[in-house]
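[1] Quick one: sequence plus predicted model below, questions after.
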Amino acid sequence: MTSPSIDTDLESKVKDIVTDILEIEPEDMTLTSRFKEDHDADSLLAIEILASLEKTFKITIAQEQLVNMVNLQGVCEVVAEAAARRQ
């Protein structure tokens, strides 16, 4: 199974949400920087990110997906998959 393509608009919106919740500057986050290890995120912030993504993109993300949401790339993939299922 191939993952849905992630466009730059989606990536930008997701990055805005994540950096806002983690209270970090967008330039401090890369696609692969890890939320917990590199940005001191905890599980409550992960839940907040998930809820904000669901509300913003009008999608449903299973909490089991949190294990894949460790960095910006993982979050974008989860959002893109959820959006593809919605269509």
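    Cool, got the structure.
[2] number of nearby residues for Val79?
    26 (other Cβ atoms under 10 Å). (Each C-beta comes from the backbone N, C-alpha and C, glycine too.)
[3] shouldn't it be in contact with Lys15?
    No - Val79 is beyond contact range of Lys15, at 11.2 Å (criterion: Cβ atoms under 8 Å).
[4] mind showing which ranges of the protein have poor pLDDT?
    1-5 (pLDDT under 70).
[5] all strands for it, in order.
    Under the criterion DSSP state E, the chain contains no strands.
[6] what about the helices in it?
    8-22, 35-39, 43-57, 72-86 (DSSP state H).
[7] Kindly export the third one (C-alpha atoms) in PDB.
    Output in PDB follows, covering the C-alpha atoms of helix 43-57 (Å, rounded to 0.1, in the frame of the first residue of the first chain):
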ATOM      1  CA  SER A  43       1.100  12.800  25.400                       C
ATOM      2  CA  LEU A  44      -1.400  15.500  26.300                       C
ATOM      3  CA  LEU A  45       0.100  17.700  23.500                       C
ATOM      4  CA  ALA A  46      -0.200  14.800  21.100                       C
ATOM      5  CA  ILE A  47      -3.900  14.400  21.900                       C
ATOM      6  CA  GLU A  48      -4.300  18.200  21.500                       C
ATOM      7  CA  ILE A  49      -2.600  18.000  18.000                       C
ATOM      8  CA  LEU A  50      -4.900  15.100  17.000                       C
ATOM      9  CA  ALA A  51      -8.000  16.900  18.100                       C
ATOM     10  CA  SER A  52      -7.000  20.100  16.300                       C
ATOM     11  CA  LEU A  53      -6.200  18.200  13.100                       C
ATOM     12  CA  GLU A  54      -9.600  16.500  13.200                       C
ATOM     13  CA  LYS A  55     -11.400  19.800  13.700                       C
ATOM     14  CA  THR A  56      -9.400  21.700  11.100                       C
ATOM     15  CA  PHE A  57      -9.600  19.000   8.400                       C
END
